[in-house]
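Peer 1: For reference, the sequence and a predicted model appear below.
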Amino acid sequence: MKKKFYITTPIYYVNDKPHIGHAYTSVAADVLARFHKLQNEEVFFLMGTDEHGLKIQKKAENENMDPQKFVDKISAGFKKLWDKLEIQYDNFIRTTDENHKKAVQKVLQNLFDGGAIYKGEYEGQYCVGCEQFKNENELVEGRCAEHDTVCENVKEESYLLKMTDLQKKLIEKIEKDEPARPAGGFNIRPERYKKEILSFLKNEKLKDVSISRKNVSWGIPLPFDPEHTTYVWFDAFLSYLTGIGWDGDLTPTLSLSRRGSEGEVFKKFWPADVQLIGKDILRVHATIWPIMLMHLEIEPPKMLFVHGHLLSGGKKMSKTIGNVIGIEEMLEKFGTDGTRYLLMSAGTFGEDADVTMERMVKKYNADLANGLGNLVSRVVKLDLNPKSQIQMTNKIPNPNDKISDFINELKFDSALNYIWNIVREDDKFIEDNKPWELAKNNQAKFIEVMQKLVSDLYLISKLLIPFMPETSEKIKKALETEKAEILFPRRK
Ligand code: MSP
């Protein structure tokens, strides 16, 4: 039986068009998904959009649009961007999809009937940007540290999900994660994020969390009290399950055997192997999400992998500062594969990475135009005769183990650096051996030199498949047809 691999990205809010941060997570997930497909695994890659809540309701009101029409428009924009970036997802879940809404309501009813959800009152400081109630220590002079906006003081009747009772069990699950992936463990990586969450959980008591809002109309109505709508994160988390066909039934294994194909997908792919998230949404993913799953008696995901943020000129990107790098602008300048390369080589994936347009142009010219692009055209333009002898190199070397380790550990920048070391070595090899002179005075040596270069380019083309699928194809084609088109035009 084939090994399965289920990977998710967060579902993105549709209050605004997609930005470079969304693209960063999505390209990384796509690289992993493609890599696992190449290993002949059965892969499911889920993406989607998070479409309810106050933030979106307010934005639609400002735009004078019906909220459904508004989210339809923005969600389509996300999909369009993923097409341009060659992101090959297997399903795109929208939280306004009927089957998703039905499953959420089923879960709410079940948890309410079972006593995990109860009616109470909630008071707290709500940040609409985060769509979260904030603890006092997360605020700076009453403002949300993440969004630098004043929080709303909310005091209202609300339904709550029991969290406190399960805190100890949650800590145990997070601690029990060695070796890498045991059944029932819940890995948080990189390690320092696991430590951060454990120290938070050991120092603060988790409060039961409000899962409904009385004064937010744009959300899924609670089945047992339609005056309330579902808290947007509760709704959003369940998309990781509904996106692979779960219908919200509390006894999934029983119902699934009756339900046939759709339920089979859920049964096959859950628990997720990797859930990629940015550091800003770690705490909710490491508390509310696994506790919801515990109430549902569903296994937690095997791994939450947390990545850092892209900064611009050392600062958080913000419209007010005017340092936002547009993803459309990047695509226009660097093309699909150029953009994918620049995002994945921006820095170590778990850490923040600083980018500026100026530095990206430099890197593009150095690594892609003058680096890889130039190497391909030099090799292909050299007279490859006698062809028959050179073509022996058609056998493609196996992908190297070292690079697989890098990708499995989500060290995308190291994997790319590994490939670019081959590019740099080959450049030097050409300078040292001067094949254009050998072609005239030493045929045997010329063939030997060309065979190494052609064989290296086949290897590079193969290693690049998950990162730069189109370029990988183009290199192969250039070697086969001996025609070199310009892969990466120089940019200013
Ligand atoms: N809708 C929620 C997620 C729900 S998942 C059940 C959400 N959406 S979001 O659109 O605000 O953000 C989604 C992702 O984009 C997060 O992982 C976040 O970390 C990431 N990024 C947002 N800005 C970013 C950067 N500047 N750099 C890298 N990633 C960043 O949160």
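Peer 2: The structure has been received and is ready for your questions. Computed from a predicted structure; not experimentally measured.

Peer 1: So for whichever residue of the stretch 201-350 of the chain sits closest to the ligand, what's the nearest residue that isn't a sequence neighbour?
Peer 2: In the stretch 201-350 of the chain, the residue that lies nearest the ligand is Gly278 (1.6 Å; Cβ to the nearest ligand atom). In short, each C-beta sits where N, CA and C put it, glycine included. Nearest residue to Gly278, sequence neighbours excluded (Cβ to Cβ, 6 or more residues apart in numbering): His307, at 5.8 Å.

Peer 1: what about that neighbour, distance to His36?
Peer 2: 18 Å (Cβ to Cβ, to the nearest Å).

Peer 1: now do Arg490
Peer 2: From Arg490 to His36 the distance is 35 Å (Cβ to Cβ).

Peer 1: between these two, who's got more neighbours?
Peer 2: More crowded of Arg490 and His36, by other Cβ atoms under 10 Å: His36, with 24 against 13.

Peer 1: Over to that one: give its phi and psi.
Peer 2: Main-chain torsions, His36, degrees, to the nearest 10: phi -70, psi -30.

Peer 1: if I read this right, it contacts Asp30, doesn't it?
Peer 2: No. His36 lies out of contact with Asp30 (Cβ atoms under 8 Å); the separation is 11.0 Å.

Peer 1: where does the stretch 251-400 of the chain come near the ligand, residue by residue?
Peer 2: Within the stretch 251-400 of the chain, the positions near the ligand by Cβ under 6 Å from any ligand atom are 277-278, 280-281, 309-310, 317.

Peer 1: buried subset of these?
Peer 2: Buried members of these, scored by 16 or more other Cβ atoms under 10 Å, are 277-278, 281, 309-310, 317.

Peer 1: pLDDT, secondary structure and distance to Thr481 for the residues you listed - can I get that in TSV?
Peer 2: TSV is the format used below for these (pLDDT from 0 to 100; DSSP: H, G, I helix; E, B strand; the rest coil; distance: Cβ to Cβ, whole Å):
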residue	pLDDT	secondary structure	distance to Thr481
Ile277	98	strand	43
Gly278	96	strand	42
Ile281	96	helix	47
His309	96	coil	42
Leu310	96	strand	38
Met317	88	coil	42
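
Peer 1: farthest pair in the residues you listed?
Peer 2: The distance between the two most remote of those (Cβ to Cβ) is 18.2 Å, for Ile277 and Met317.

Peer 1: Now do the helices in the stretch 1-150 of the chain.
Peer 2: Along the stretch 1-150 of the chain, the stretches classed as helices by DSSP state H, counting those that start in this stretch are 20-38, 54-62, 67-84, 98-113.

Peer 1: Pull stretch 402-422 out as PDB, backbone CA atoms only.
Peer 2: Only the C-alpha atoms of stretch 402-422 are listed here, as PDB (Å, rounded to 0.1, in the frame of the first residue of the first chain):
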ATOM      1  CA  LYS A 402      20.900  14.800   1.400                       C
ATOM      2  CA  ILE A 403      18.500  17.000  -0.400                       C
ATOM      3  CA  SER A 404      15.600  14.700   0.600                       C
ATOM      4  CA  ASP A 405      16.600  15.200   4.200                       C
ATOM      5  CA  PHE A 406      16.500  18.900   3.800                       C
ATOM      6  CA  ILE A 407      13.100  18.900   2.300                       C
ATOM      7  CA  ASN A 408      11.700  16.500   4.800                       C
ATOM      8  CA  GLU A 409      12.900  18.800   7.500                       C
ATOM      9  CA  LEU A 410      11.400  21.800   5.700                       C
ATOM     10  CA  LYS A 411      14.800  23.300   5.200                       C
ATOM     11  CA  PHE A 412      13.900  24.700   1.800                       C
ATOM     12  CA  ASP A 413      16.700  27.200   1.600                       C
ATOM     13  CA  SER A 414      19.300  24.500   2.300                       C
ATOM     14  CA  ALA A 415      17.800  22.300  -0.400                       C
ATOM     15  CA  LEU A 416      18.100  25.100  -2.900                       C
ATOM     16  CA  ASN A 417      21.600  26.000  -1.800                       C
ATOM     17  CA  TYR A 418      22.500  22.300  -2.400                       C
ATOM     18  CA  ILE A 419      21.300  22.600  -6.000                       C
ATOM     19  CA  TRP A 420      23.000  26.000  -6.500                       C
ATOM     20  CA  ASN A 421      26.300  24.500  -5.300                       C
ATOM     21  CA  ILE A 422      26.100  22.200  -8.300                       C
END
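
Peer 1: Give me the mean pLDDT for it.
Peer 2: Averaged across stretch 402-422, the pLDDT comes to 95.

Peer 1: what about that stretch, distance to the chain center?
Peer 2: 18 Å (Cα atoms, centre = their mean, to the nearest Å).

Peer 1: So what touches whichever strand or helix holds Leu304?
Peer 2: Using DSSP states H and E, the element containing Leu304 is strand 303-307. Here strand 303-307 makes contact (Cβ atoms under 8 Å, 6 or more residues apart in numbering) with 24-25, 28, 181, 186-190, 193, 272-279, 282, 285-286, 349-350, 410.

Peer 1: ok now do the nearest residue to Ile7 once chain neighbours are set aside, which residues does it touch?
Peer 2: Closest residue in space to Ile7, ignoring its immediate chain neighbours: Val274 at 4.8 Å, by Cβ to Cβ, 6+ apart. Neighbour list for Val274: 5-8, 32, 301-303, 305 [criterion: Cβ under 8 Å, 6+ apart].

Peer 1: Please read off the pLDDT at Val274 from the model.
Peer 2: In the predicted model, Val274 carries a pLDDT score of 97.

Peer 1: Quick one: low-confidence residue ranges for the stretch 101-250 of the chain.
Peer 2: Along the stretch 101-250 of the chain, segments meeting pLDDT under 70 span 178-184, 250.

Peer 1: That one against the ligand: which residues are in contact?
Peer 2: 236-237.

Peer 1: So Asn466 lies in a strand, does it not?
Peer 2: Just so we're on the same page, residue 466 is Pro rather than Asn. No. Read with DSSP: H, G, I helix; E, B strand; the rest coil, Pro466 is coil and lies in no strand.

Peer 1: which one in the protein is furthest away from the centre?
Peer 2: In terms of distance from the mean C-alpha position of the chain, Asn441 ranks first, at 52.9 Å (Cα atoms, centre = their mean).

Peer 1: Could you report the separation of it from Met468?
Peer 2: Applying Cβ to Cβ, the value for Asn441 to Met468 is 37 Å.
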